[in-house]
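Enquirer: Sequence below, structure please.
(4 chains)
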4 protein chains.
Amino acid sequence: MTATTIGVIGCGYWGPNLLRNFAENEAAQLRLICDLDDARLAAMGRRYPAARTTNDYQNLLADSGLDAVAIVTPVATHFQIAKEALLAGKHVLVEKPLTATTREAEELIELAERNRRTLMVDHTFVYTGAVRKMKEIVASGELGDLLYFDSIRINLGLFQRDINVLWDLAPHDLSIMDYLIERQPIGVSALGSCHIEPGIENIAYLVMKFPDDFIAHFHFNWLAPVKIRRTLIAGARKMILYDDIEPTEKVRVYDKGVTANRVTDREADYQTLVSYRTGDVWAPKLDSTEALRHVVAEFLDSIVSKRKPLTDGEVGLRVVRILEAAQQSIKEGGNFKLLRSAASAIQN
Amino acid sequence: MTATTIGVIGCGYWGPNLLRNFAENEAAQLRLICDLDDARLAAMGRRYPAARTTNDYQNLLADSGLDAVAIVTPVATHFQIAKEALLAGKHVLVEKPLTATTREAEELIELAERNRRTLMVDHTFVYTGAVRKMKEIVASGELGDLLYFDSIRINLGLFQRDINVLWDLAPHDLSIMDYLIERQPIGVSALGSCHIEPGIENIAYLVMKFPDDFIAHFHFNWLAPVKIRRTLIAGARKMILYDDIEPTEKVRVYDKGVTANRVTDREADYQTLVSYRTGDVWAPKLDSTEALRHVVAEFLDSIVSKRKPLTDGEVGLRVVRILEAAQQSIKEGGNFKLLRSAASAIQN
Amino acid sequence: MTATTIGVIGCGYWGPNLLRNFAENEAAQLRLICDLDDARLAAMGRRYPAARTTNDYQNLLADSGLDAVAIVTPVATHFQIAKEALLAGKHVLVEKPLTATTREAEELIELAERNRRTLMVDHTFVYTGAVRKMKEIVASGELGDLLYFDSIRINLGLFQRDINVLWDLAPHDLSIMDYLIERQPIGVSALGSCHIEPGIENIAYLVMKFPDDFIAHFHFNWLAPVKIRRTLIAGARKMILYDDIEPTEKVRVYDKGVTANRVTDREADYQTLVSYRTGDVWAPKLDSTEALRHVVAEFLDSIVSKRKPLTDGEVGLRVVRILEAAQQSIKEGGNFKLLRSAASAIQN
Amino acid sequence: MTATTIGVIGCGYWGPNLLRNFAENEAAQLRLICDLDDARLAAMGRRYPAARTTNDYQNLLADSGLDAVAIVTPVATHFQIAKEALLAGKHVLVEKPLTATTREAEELIELAERNRRTLMVDHTFVYTGAVRKMKEIVASGELGDLLYFDSIRINLGLFQRDINVLWDLAPHDLSIMDYLIERQPIGVSALGSCHIEPGIENIAYLVMKFPDDFIAHFHFNWLAPVKIRRTLIAGARKMILYDDIEPTEKVRVYDKGVTANRVTDREADYQTLVSYRTGDVWAPKLDSTEALRHVVAEFLDSIVSKRKPLTDGEVGLRVVRILEAAQQSIKEGGNFKLLRSAASAIQN
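Expert: Alright, predicted model coming up:
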């Protein structure tokens, strides 16, 4: 089998990790590396002497021997580069978030379908051992009916200049939730504040409503004294605590719950007796393979097998749709914003 | 000096703690104990043989030798009992929250002022060593400009039948914030969900806006797999992490922050250089006296000194005003609700 | 069935807890309370008005209507009071450690057997939900061959005046180990230091050898900046971490281990390939009943059923034998001291 | 200033870290890389194309243009290679532990002195921000008289084939203690057990006595379910908790202690009143520079400045002397072994 030839556009913070994983995957052949910065480009060139380097991503698109590109550039540039790459017949892996607007994401999806190319978004966390183990647990049904999803991702973080804390951090947790709970929110409300840089929120809270009692909430923060990455996923029978800071026991399943028993007695027609249940705690062993290794393998396999990747354009669109609505809600001071469903959005 | 004579109405979960603290305070004379439940009343009577017991709180109000009453009954009954007690010339300490509506709280404040009686609300946490130490730190100005207040109080909790998680838990954190930051929110938005008992929220998120960039957020939850009680108070220069679960180091002051330096260079008219600062962490020694001992002492001293107590009716009103608006917001699906200022509320 | 009549001698730190548990047990009738201190005695008398009080424990021994006594006095007095109580025909529960010397323990055991009375030592920790759950796990064999027992019990503790840190804290962990591992050490070596009070060790390390590769180690410390109570019990297949400070998940079972596979290859006659195994972590739900309730129930039942209690005189003797040898080792600067087996000790 | 030319012998687990730090230090010129394994050697050669590679360390010793060598080989080979290097006029940095016997260490020290060459041991932990900050604190005297040093270093570790857990892990903690407390033990006692591989201890306890009441204790373990690296350093006035697993607050200074006040009263000629003191906790900011960078800088500067490095041969010898005595104690079942002082050892 011939290896899929790969070009990587962007060698900033995340690009070198993708380069390394493509270089180590035998199904890929790293052919081209692109960055605007000459020093970074030269460093990557020395590290991967078999690949060519260029300042101009057009050189990748024009290379008929190149099968696929990974786009690891600032968010604002994702759409233009991905669009041109798809038009040039390349398969495309885009760093999260997929695009800066839903309109852009929808156009990329359409282009990829029309040209029969793979469009995949690098939602890295979906490929971690912790999230895949939680998927197994949720899918088995052992949690019972899902009740809420509560996520905190805070730190004294790297301030971004081009995007705010929402666009920087929320794609992680929104993609995790999208993967795990398999239900779509009907709307979102968000509030944020800009303490350091005018116009760039450094703290944001986001809450989502669903067709039933399920509720989801998120706290994103670049300006916290401690690093916390913790998610609660509550079911009627069991609950998960996912603490990504823990070195090994990242996922704990609590056999805990509350049951409402409706009974009839003389004094009242019916009354509810709430009974608590508390049992064992279980921390499953997790696969510790680097998530990006799975990302790269999924991208390569979806190209060869001509199938949709796990985190395809639709998944990327769903995350961007929430980001866009949340950003609008922040702008309007917390107003609740309805989310059009993915289906209706494309039809319109 | 003669001791202030005290009657306690309600011997349920919290009442016995107040009874014990009044019994141990030499400035108080525990004279009357009231409860509807005969068994509980008899048990308390045996424990405090010098006090009389009664099923009817009217017996307390009619006792001309009784100076003050503590009302430790369900929230819905606070107003009626407190009103009658004030009209009967008694000083009144009310369990949190002060009342079930702002209108009730305003009426009690007015009554107390007209009759020159002490009206105090038992916001216990305000009297803990941790909160008083944080007050010192915030008041000293060493945190710099305050940026946000973020609080989580979750557990697999005791489900209440008469009130939801908001009215049960929020008075703690709202009173702590009210005490520490000394600024008034302009509005509140909240979302909640009823997973167990229809109409009784067991999870609620609450966010408050202020006239400036300051933002406050709260998570209350009776249905969580783990017990967390943690608050972040961020300033521009330093930040506090208050973890009430920690046995001793409940308060940590982080000498951490981010500074935005606006500079001019050739390429851009101005740009912001964000610089991080991270320094020592300090966990001050805390007074470990039981908070309720301070509550009782403050109540007794404010009566004798004819002064306002630290947590007076106005404080209780401010908390009830937020609870009422938040409850309305939950009912409306998260709509932002403006908060009338305490001053204007009373004028109207 | 008539209740067993009980007298409690000693109302200091621990006595009130025993009083409360005897008072709440329906199979017991608290008949007499004894203490040298009048104020303490009066307080207990008010709390348990149905019991008589006395300053002189001889009044208990002389009371023919009294079935059993609990001795909660300083260690140095245990032997004399217990001996007289057994001679007077009473069943005896003694606070840990059973006695100050093995000779005393042996004499009490002999007396109890001759007079057919129950002799029990209050090794409270053996009756906790955590230790009983660990017993289940160890007894099931799932840990595989036991390899070591490592225990730490340190704090900025209450300095005792009459005994050192070894006699104060070691009975807890020695009784836990004795219960869990069911094998007898062949000798002990210990070192300690007296930093505060000459002649009273405030820190001590104790290590025990066994007939096989099993090894046990203990660290006791009254002068530590943090409170740690943690035990490792390692088996060849699984390992337990018992952390008594954890509020709920006190016992964790780690499915971890190392396997030595001896293989033959060309280069060496045989070589060992060490393979690591790491799996799930499991924190079983624990019974949270107060341990002392089980202690009291076991004492009462062993009297009525005329059977040996779980923590009988022999168990108490085994712990005292280790304490005595460890103390001698400390005195000799760490010399290894052989332990006579319980059987041979009694025969001599 | 011309750079010091460096050769590194051994590219196994630790060697690549030293290579990287020499390569990044401008005062060094990485000239030669040596390893027996061709694949490893080739990989390092590609990474550092300016350096030559060889299978034979004699090629380094014979290179008259080479100033210094770093020896990162199995412990058993340290002495022979270091001796030849010193005889060839090279400055020598040796991975810990310095040698396999005290006799070897003494001979290297003598050789280095006679040939006026730098002999340094890579006690990496001494150069961490945490240990250097603790040195500052201890040296300032604020802890008061030092009372004990207690260290735990356990994990489900990498089993070594050539050395046991003592020789693998103890050099870290022994060198930290040697650096911090500046007093010499008079003897050592140790016990260990071989659960996996006959003759290779995988768990060891070590206790040291000093001329005064100071006591030191260590627990080393390759077969523990959890990773713990924690040291207590207690002074009469303050105490340090050093937890190397903590991501940032590795060092905490507790303002805690116990004071023995000797007073005279009527009842006893004198009695001691022990009073507890508990105050703030302080976690100083630590330099997070990679320790090995400081190791390399110290080696290079001591060569150029013709001065003793911080961790010179004498320091290495003191650690080996304890290891050797502890190993002998384990062999003898825990016998106490006297330690000859460094001074007298060299004189003999």
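Enquirer: Enumerate the residues of chain A near chain C.
Expert: Within reach of chain C by C-beta under 8 Å from any C-beta of the partner chain, chain A has these residues: A:249, A:255, A:278-285. The C-beta positions use only the backbone N, C-alpha and C, and glycine is treated the same way.
Enquirer: Poorly predicted segments of chain A, please.
Expert: For chain A, the stretches flagged by pLDDT under 70 are A:1, A:260-273, A:341-348.
Enquirer: Quick one: list the elements packing against the biggest helix by length in it.
Expert: Ranked by residue count, the top helix of chain A under DSSP state H comes out as helix A:313-331. Using 3 or more C-beta pairs under 8 Å, 6 or more residues apart in numbering or on different chains; DSSP states H and E as the contact criterion, the elements in contact with helix A:313-331 are helix A:102-114, strand A:119-122, helix A:165-181, strand A:187-193, strand A:203-209, strand A:337-338, helix A:342-347.
Enquirer: quick one, what contacts A:L86?
Expert: The neighbourhood of A:L86, defined by C-beta atoms under 8 Å, 6 or more residues apart in numbering or on different chains, consists of A:92, A:108, A:111-112, A:115, A:117, A:119.
Enquirer: mind checking how far it is from chain D?
Expert: According to C-beta to the nearest C-beta, to the nearest Å, A:L86 stands 37 Å off from chain D.
Enquirer: buried set for stretch A:4-21?
Expert: The neighbour-count check on stretch A:4-21 (16 or more other C-beta atoms under 10 Å in any protein chain shown) flags A:4-11, A:14-21 as buried.
Enquirer: Nearest to chain D among these?
Expert: Taking C-beta to the nearest C-beta as the measure, chain D lies nearest A:R20 of the buried residues of stretch A:4-21, at 14.1 Å.
Enquirer: Is that closest one in a helix, a strand, or coil?
Expert: When classified by DSSP: H, G, I helix; E, B strand; the rest coil, A:R20 comes out as helix.
Enquirer: returning to what we had before: now render the helices and strands packed on helix A:313-331 as TSV, adding distance to chain D and mean neighbour count.
Expert: Formatted as TSV, the helices and strands packed on helix A:313-331 follow (distance: least, C-beta to the nearest C-beta, whole Å; neighbours: other C-beta atoms under 10 Å in any protein chain shown):
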stretch	distance to chain D	mean neighbour count
helix A:102-114	36	19
strand A:119-122	26	28
helix A:165-181	19	23
strand A:187-193	25	24
strand A:203-209	21	25
strand A:337-338	37	14
helix A:342-347	39	12
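Enquirer: Of those, give the one that comes closest to B:Y127.
Expert: Relative to B:Y127, the nearest member of the helices and strands packed on helix A:313-331 by C-beta to C-beta is strand A:203-209, separated by 29.5 Å.
Enquirer: The nearest residue to A:A204 once chain neighbours are set aside: what's it in contact with?
Expert: Leaving aside its sequence neighbours, A:A204 sits nearest to A:G192 (C-beta to C-beta, 6 or more residues apart in numbering or on different chains; 3.7 Å). For A:G192, the contact set (C-beta under 8 Å, 6+ apart) comprises A:164-166, A:201, A:203-205, A:330, B:215.
Enquirer: in whichever strand or helix holds A:A70, what's buried?
Expert: Taking DSSP states H and E as the criterion, the element that holds A:A70 is strand A:68-71. Of the residues in strand A:68-71, those buried under the neighbour-count criterion (16+ other C-beta under 10 Å) are A:68-71.
Enquirer: chain center to it: distance?
Expert: 18 Å (C-alpha atoms, centre = their mean, to the nearest Å).
Enquirer: Stretch A:105-115 too?
Expert: For stretch A:105-115, the distance to the chain centre is 19 Å (C-alpha atoms, centre = their mean).
Enquirer: got the CA positions of that stretch in PDB?
Expert: Coordinates of each C-alpha in stretch A:105-115 appear next as PDB, following Å, rounded to 0.1, in the frame of the first residue of the first chain:
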ATOM      1  CA  ALA A 105     -18.200  25.500   8.000                       C
ATOM      2  CA  GLU A 106     -21.200  24.700   6.000                       C
ATOM      3  CA  GLU A 107     -19.500  25.700   2.800                       C
ATOM      4  CA  LEU A 108     -16.500  23.500   3.600                       C
ATOM      5  CA  ILE A 109     -18.800  20.500   4.300                       C
ATOM      6  CA  GLU A 110     -20.600  21.100   1.000                       C
ATOM      7  CA  LEU A 111     -17.300  21.400  -0.900                       C
ATOM      8  CA  ALA A 112     -15.800  18.300   0.700                       C
ATOM      9  CA  GLU A 113     -19.000  16.300  -0.200                       C
ATOM     10  CA  ARG A 114     -19.100  17.600  -3.800                       C
ATOM     11  CA  ASN A 115     -15.400  16.800  -4.300                       C
END
